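**Q** how would this look folded up:
(one chain, ligands or ions: 1)
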Amino acid sequence: MKISVVGVGYVGLVAAGCLAGGGNHVICIDKDKKRIDELNNGQIPIYEQGLAEVIKHNEQAGRLMFTTDLKYGIQNSLVIILAVGTPSAQDGSADISAVLSVAGEIARHMRDYKIIITKSTVPVGTYKKVSELMAGKTSQPFDYVSNPEFLKEGSAVDDFLKPDRVIVGTDSPKAMELIRQLYAPFMRKSSRMIFMDPASAEMTKYAANTMLATRISFMNELSALCEKFGADIEKVRVGIGSDSRIGNAFLFPGVGFGGSCFPKDIRALIYMGQQQGCTMTIPQAVQAANYAQQDRFAQRVIDYFGGEHEQKRLCVWGLAFKARTDDVRESPAIRCVEKLLEAGIKITAYDPEAMPAALEKLDGRIDTADDAYKALEGADGLVILTDWQEFRAPDFELILSKLNRPVIFDGRNLYNSKYVQMQGLEYYSIGRADIQGKSKL
Ligand SMILES: NC(=O)c1ccc[n+]([C@@H]2O[C@H](COP(=O)([O-])OP(=O)(O)OC[C@H]3O[C@@H](n4cnc5c(N)ncnc54)[C@H](O)[C@@H]3O)[C@@H](O)[C@H]2O)c1
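**A** Residues are numbered from 1 along each chain as shown. Model (predicted):
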């Protein structure tokens, strides 16, 4: 098939690479000229495991091209996939101006039938807005399909190649058939396609993200209560996760959730509720619990050092919103670092992939090191904010030898409390009693 993907970020670039890998010809379009130039020069603008290989291989095979020319893409493809950003607007709603603008351009330039597939996360009812907008601008036939994306940053290529399910929102039999063909290479064992109307498909995406975030916030709120009682949230997690009705996923307590999706999608769901006169009490609570958890962790670190913050420097391990990505959008690590900086504490940070993005986000107000252990030099403690694999089994002796003050604040519960304390380090984690059986964080 001839496909255009509009918006080549975390979703669009992965989709484009994987669809090209299935034998399709894919035109990647983005308004960001710098991004397109980078791609044309063989550079991959985002970090995602396996993506560079997929892009390089398919470009060399002549199945991928990169351009800012939207008209060219529209006129040279049957399928047009929208993967542009839908960030939060001031009022919390999802800003769909990029989706509407591209839809308008498609209507303006199309000369024959097109199928428009929206992978961007868009508020319920967007299918109607887009269809009406396009119908007002063109007499050419088209189908609009809501096809929300469920890939996860950190395993996006794998998720796209082996999706748990593909949600397809359309009433058009022709579009259903085309979508079946499009996804056929990724459905070899069994079809995991679920067809529904576009409004339900749009809602499914918000429901999924908010449900997952709800589990995290619930565990984070419980972690505070565990600390009061001297209970261990990790034992509670295993205890409830073994119930097959509950399962283990998304029950890990930590410094709160972040990223480019959960926070903005929850805000958008709350806004949709407000617009329709249905108060979204659970999403509101999930959001409030998340900010409370992020601030609680930062505050405990600040309180630990009393009033002498100006003389303190902390080492931070992890700036990305989660492991295996360079994405720092709404990262709890960035929010925590901001709070520590506000208190006057100086920061030396290390992250395997996210340092350039974090430095930009923080206007260069932190120092960085190109190695986790170098970042510890001269620091008065270590704060762990992202659960990168390389932080999971560190050399505690080396940590001890480098720190001015032997203390670890672990926002991801990476270690066994007793073991770390036996190494001679003070250790504070989330929702767990310390070695004396007294809760600290
Ligand atoms: N990142 C994820 O893990 C993820 C997962 C599922 C769904 N989504 C959703 O997918 C959408 C894209 O997310 P992302 O993380 O890939 O965003 P992103 O910011 O990484 O990429 C969006 C791209 O769209 C481009 N763009 C914006 N307006 C454009 C326009 N008018 N014309 C052409 N290009 C334009 C931007 O330059 C950018 O390169 C969002 O709606 C998001 O909610 C994201």
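
**Q** tell me the residues on the stretch 201-350 of the chain that lie near the ligand, please.
**A** Residues of the stretch 201-350 of the chain lying near the ligand by C-beta under 6 Å from any ligand atom: 260, 261. To be clear about C-beta, it is placed using only N, CA and C from the backbone, and glycine gets the same treatment.

**Q** please enumerate the helices of the stretch 201-350 of the chain.
**A** For the stretch 201-350 of the chain, the helices defined by DSSP state H, counting those that start in this stretch occupy 233-241, 262-276, 281-304, 332-342.

**Q** list the buried residues for the first one?
**A** Within helix 233-241, the residues scored as buried using 16 or more other C-beta atoms under 10 Å are 233, 234, 236, 237, 240, 241.

**Q** by contact count, what packs against it?
**A** Helices and strands touching helix 233-241, by 3 or more C-beta pairs under 8 Å, 6 or more residues apart in numbering; DSSP states H and E, are helix 198-229.

**Q** now the angle from the helix it packs on to helix 262-276?
**A** Counting by axes from the mean of the first three to the mean of the last three C-alpha atoms, to 10 degrees, helix 198-229 lies at 120 degrees to helix 262-276.

**Q** where's the residue lying closest to residue 30 once chain neighbours are set aside relative to residue 105, distance?
**A** Of all residues not flanking residue 30 in the chain, residue 8 sits nearest, at 4.7 Å (C-beta to C-beta, 6 or more residues apart in numbering). Computed as C-beta to C-beta, to the nearest Å, the residue 8 to residue 105 distance reads 16 Å.

**Q** between those two, who's got more neighbours?
**A** Remark: of residue 8 and residue 105, residue 8 carries more neighbours, 26 against 18, as counted by other C-beta atoms under 10 Å.

**Q** ramachandran coordinates for that one?
**A** As for residue 8, its main-chain torsions (degrees, to the nearest 10) stand at phi -110, psi 70.

**Q** am I right that residue 28 is in a strand?
**A** Yes. Counting by DSSP: H, G, I helix; E, B strand; the rest coil, residue 28 is part of a strand.

**Q** just give me the neighbour total for it.
**A** For residue 28, the count of nearby residues is 29 (other C-beta under 10 Å).

**Q** got TSV for the helices of the stretch 201-350 of the chain, with mean pLDDT too?
**A** Shown next, in TSV, are these (pLDDT from 0 to 100):
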stretch	mean pLDDT
helix 233-241	97
helix 262-276	98
helix 281-304	97
helix 332-342	98
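
**Q** these: which one's closest to residue 420?
**A** helix 233-241 (13.8 Å; C-beta to C-beta).

**Q** who's in contact with the closest one?
**A** With contact meaning C-beta atoms under 8 Å, 6 or more residues apart in numbering, helix 233-241 is reached by 219, 222-223, 226, 246-248, 251-253, 413, 430-432.

**Q** try stretch 71-80
**A** Here stretch 71-80 makes contact (C-beta under 8 Å, 6+ apart) with 1-4, 6, 27, 29, 67, 105-106, 109-111, 113-117, 178, 182.

**Q** might you report the residue contacts of the residue of the stretch 301-441 of the chain at minimum distance from the ligand?
**A** In the stretch 301-441 of the chain, the residue that lies nearest the ligand is residue 327 (7.1 Å; C-beta to the nearest ligand atom). Residues counted as contacts of residue 327 (C-beta under 8 Å, 6+ apart) are 10, 46, 153, 259, 260, 320, 321, 354, 357.

**Q** that's all I had, so thanks and see you.
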